[in-house]
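1. Provided below are the primary sequence and the corresponding predicted coordinates.
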Amino acid sequence: MSTQAKKRVLSGIQPSGEIHVGNWLGAVRTWAKQVEDQAEDNLYCIVDAHAITVPYEPAELKRRTLGLARDLIACGVDPARCTLFVQSDVREHTELAWYLATVTPMGDLFRMTQFKDKSDGKEFVSAGLFTYPVLMSADILLYKATIVPVGDDQVQHIELARETVRRFNHRYGDIFPEPEARLSVTPRIMGLDGEGKMSKSKGNSIDVFEPRDSFWNKLRTAFTDPQRLRKSDPGRPDVCNVFTMHKALGSEATVLEVRESCTGAKWGCVDCKKVLMDGFDRELVPLRTRREALDEGAVARALTEGADKARAIAAETLREVRGAMGLGSA
Ligand code: AMP
Ligand code: TRP
């Protein structure tokens with residue numbers, strides 16, 4: 001199948017911290033599988049322009065952007081087989097975001113739960129945080145991507161992008177296809193404290209590349225079924241975050257064994273977590289090895305090439321958009 005005939009996939013991740021287990025099981029692991037499969041044309045973007053919508057350190061941002069690129073490649077987002085790039089290297093993202101903002105109602109943006117969560121109680125809330133989902137729509141529409149692999153917290157933003165496509169196409173002609181979210185089997189990983197979703201900002205996460213010892217020390221304390229106080233109490237796998245992770249990592253037979261051992265009170269939670277840790281080891285050890293072997297120069301070159309590939313597509317879409325909107329002098 002030629003590249004043009006393949007469906008296009010786009011997704012993004014913010015360089016706001018290390019990749020944690022939620023990012024990985026909710027999104028990045030799916031990206032790597034898709035890159036491996038080559039059934040679609042995959043674009044993955046490190047969204048640095050999104051990360052500046054909340055207070056940040058400039059030098060730190062650059063370091064994190066390059067570090068995240070290395071980690072994504074180590075996770076299997078192979079730049080030789082997909083387009084991996086940094087959002088702000090392709091200026092067309094911010095240009096399209098402005099044009100899309102003119103067809104996006106403020107009322108829709110006020111309804112975004114991520115905006116409500118991130119602005120709640122803050123003294124300074126930037127206009128950029130408010131229009132964040134418009135930039136995200138631009139990321140997707142610039143490449144006319146139809147598939148967006150994300151965790152469930154991003155579904156509302158993708159619904160907004162679909163709405164934006166309908167508004168834009170109605171006004172300016174049939175330019176963009178409607179994108180759809182693609183969820184993994186574990187679209188929402190809870191934090192270690194069981195208080196809410198695992199998130200960099202809540203300090204309730206385990207990083208994919210943290211040393212095995214601290215990884216295990218965090219996993220062993222992870223919140224499970226609150227009603228299970230003793231090993232002899234039968235557990236409820238369907239309310240347990242550890243079971244959710246087994247569903248992502250374990251074979252069908254393992255998942256069944258975990259379920260039966262939990263409901264039958266044969267295993268305690270630590271036994272169950274040890275089996276889960278084996279699953280993490282199986283998958284993460286090769287990623288750690290790959291990460292050690294990656295040098296900075298190769299990562300930087302991959303990003304330059306990725307941006308060039310992305311820009312070629314983006315420039316063509318913008319030419320079309322500017323024409324349809326009657327913008328410019330030429
Ligand atoms: P972010 O770190 O916010 O840029 O998120 C990158 C990707 O990870 C997005 O697709 C998110 O939906 C996904 N993600 C983040 N946290 C979680 C979580 N706790 N469970 C599942 N997916 C998540
Ligand atoms: N908003 C997403 C997040 O916080 C990141 C993101 C930015 C994204 N642009 C995107 C995801 C485009 C998918 C497609 O996780």
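-> Received, thanks. Numbering: from 1, shown residues only. Ligands and ions are numbered 1, 2, ... in the order given.
2. quick one: the strands in this structure?
-> Applying DSSP state E to the chain gives strands spanning 8-13, 41-46, 83-86, 147-149, 180-182.
3. The third one pairs with which strands, and in what direction?
-> Strand 83-86 has these partner strands in its sheet, going by DSSP bridges: strand 41-46 (parallel).
4. So what touches the strand it pairs with?
-> Identification of contacts with strand 41-46 by Cβ atoms under 8 Å, 6 or more residues apart in numbering yields 3, 6-15, 31, 34-35, 65, 68-69, 72, 77, 81-87, 139, 143, 145, 310. Backbone N, C-alpha and C define where each C-beta goes, glycine included.
5. Ligand 2 next: which of the residues you listed are close?
-> For ligand 2, the contacts drawn from these by Cβ under 6 Å from any ligand atom are 10-14, 139.
6. Show the buried residues in those.
-> Buried members of these, counted by 16 or more other Cβ atoms under 10 Å: 10-14, 139.
7. so which pair among those residues is furthest apart in space?
-> Spatial extent of those (Cβ to Cβ) is set by the pair 10 and 14 at 14.8 Å.
8. burial count for residue 232?
-> By other Cβ atoms under 10 Å, the residues close to residue 232 number 8.
9. Touching, it and residue 264? I think so.
-> No: applying Cβ atoms under 8 Å, one finds residue 232 not in contact with residue 264, separated by 10.6 Å.
10. Common neighbours of the two, please.
-> Joint contacts of residue 232 and residue 264 (Cβ under 8 Å, 6+ apart) do not exist.
11. From the ones next to ligand 2 among the contacts of strand 41-46, list the ones also adjacent to ligand 1.
-> Applying Cβ under 6 Å from any ligand atom to the ones next to ligand 2 among the contacts of strand 41-46, one finds that 13-14 fall near ligand 1.
12. okay if I get the ones next to ligand 2 among the contacts of strand 41-46 as a markdown table plus pLDDT?
-> Converted to a markdown table, these look like this (pLDDT from 0 to 100):
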| residue | pLDDT |
| --- | --- |
| 10 | 98 |
| 11 | 98 |
| 12 | 98 |
| 13 | 98 |
| 14 | 98 |
| 139 | 99 |
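13. Closest to residue 195 out of the ones next to ligand 2 among the contacts of strand 41-46?
-> Set against residue 195, the nearest of the ones next to ligand 2 among the contacts of strand 41-46 by Cβ to Cβ is residue 14 (21.1 Å).
14. That closest one contacts residue 50, doesn't it?
-> Yes: judged on Cβ under 8 Å, residue 14 makes contact with residue 50 at a distance of 5.3 Å.
15. Would you pull up the residue in this structure closest to ligand 2?
-> Minimum separation of the chain from ligand 2 (Cβ to the nearest ligand atom) falls at residue 12, amounting to 3.1 Å.
16. which bits of the protein sit near ligand 1?
-> Applying Cβ under 6 Å from any ligand atom, one finds that the chain approaches ligand 1 through 13-14, 22-23, 26-27, 150-151, 153-154, 187-189, 197-199.
17. can you do 5 Å?
-> Proximity of the chain to ligand 1, by Cβ under 5 Å from any ligand atom, involves residues 13-14, 22-23, 26-27, 150-151, 153-154, 188-189, 197-198.
18. Max pairwise distance over these: which two?
-> Pairwise distances across the residues of the chain next to ligand 1 (Cβ to Cβ) peak at 17.5 Å, for the pair 14 and 188.
19. Look up the closest residue to the closest residue to ligand 1 within the stretch 201-330 of the chain, ignoring the ones flanking it.
-> Ligand 1 sits closest to residue 205 of the stretch 201-330 of the chain, with a gap of 7.8 Å, by Cβ to the nearest ligand atom. In this structure, residue 205 finds its nearest non-sequential neighbour in residue 20, 3.7 Å apart by Cβ to Cβ, 6 or more residues apart in numbering.
20. List the contacts of that neighbour.
-> Contact partners of residue 20, counting by Cβ under 8 Å, 6+ apart, are 198-200, 205-208.
21. Of all those residues, the one with the weakest confidence?
-> Checking pLDDT across the contacts of residue 20, the minimum falls on residue 200 at 87.
22. Let me know the pLDDT of the residue nearest to residue 291 when sequence neighbours are not counted.
-> Excluding the flanking residues, the one nearest residue 291 by Cβ to Cβ, 6+ apart is residue 74, at 3.5 Å. Looking at residue 74, its pLDDT reads 98.
23. Surely residue 74 touches residue 285?
-> No: contact status for residue 74 versus residue 285: not in contact, 11.6 Å apart, counting by Cβ under 8 Å.
24. Quick check on those two: which one has the bigger neighbour count.
-> For residue 74 versus residue 285, neighbours defined as other Cβ under 10 Å are more numerous around residue 74 (24 against 11).
25. Relative to residue 101, how far out is that one?
-> 36 Å (Cβ to Cβ, to the nearest Å).
26. what's the answer for residue 77, then?
-> 29 Å.
27. Compare neighbour counts for these two and give me the winner.
-> The neighbour comparison of residue 77 against residue 101 (other Cβ under 10 Å) goes to residue 77, with 24 against 16.
28. Against residue 62, how distant is the more buried one?
-> Per Cβ to Cβ, residue 77 is found 20 Å from residue 62.
29. Lovely, talk soon.
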